[in-house]
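Asks: Sequence and predicted structure, then a few things I'm wondering about:
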Amino acid sequence: MNTYGYAENKSKVINRLKRVSGQIRGIEKMVEADKYCIDILTQISASRAALDKVAIELLRDHAAHCLTNDSVMPNGKDNKVDELVSAIERMI
């Protein structure tokens, strides 16, 4: 069984994602209720920021786990570094 870098923080990651999910549902309700556009955009921005925080924590956990644990790197550290850089590129 694979152990991923976020294993120790899995419950925190899930809780953050549940909060983001709640924010998204709130945005949907705002649109349904014809709320002011700027207020909706503010909530969208807050949701993006919350998702970015989850992504940063996952990247941190990945780097700490996968780039420091030789048993996780059967194909070598260079491949894991490339994988991390690729993940960062997708985020930005």
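Replies: Ah, there it is.

Asks: so what's Gly26 closest to, chain neighbours aside?
Replies: Sequence neighbours aside, Gln43 is the residue nearest to Gly26 in space, at 6.5 Å (criterion: C-beta to C-beta, 6 or more residues apart in numbering). C-beta here means a position set from N, CA and C on the backbone, and glycine is covered the same way.

Asks: For the one you found, list the residues it contacts.
Replies: When the contact criterion is C-beta atoms under 8 Å, 6 or more residues apart in numbering, the partners of Gln43 are Gln23, Gly26, Ile27, Met30.

Asks: Now the second one: which helix or strand?
Replies: According to DSSP states H and E, Gly26 maps onto helix 10-32.

Asks: Okay, and the residue most central in space within the chain sits in which element?
Replies: In the chain, the residue lying closest to the centroid (C-alpha atoms, centre = their mean) is Ala55, at 2.4 Å. Under the criterion DSSP H and E, the helix or strand holding Ala55 is helix 37-66.
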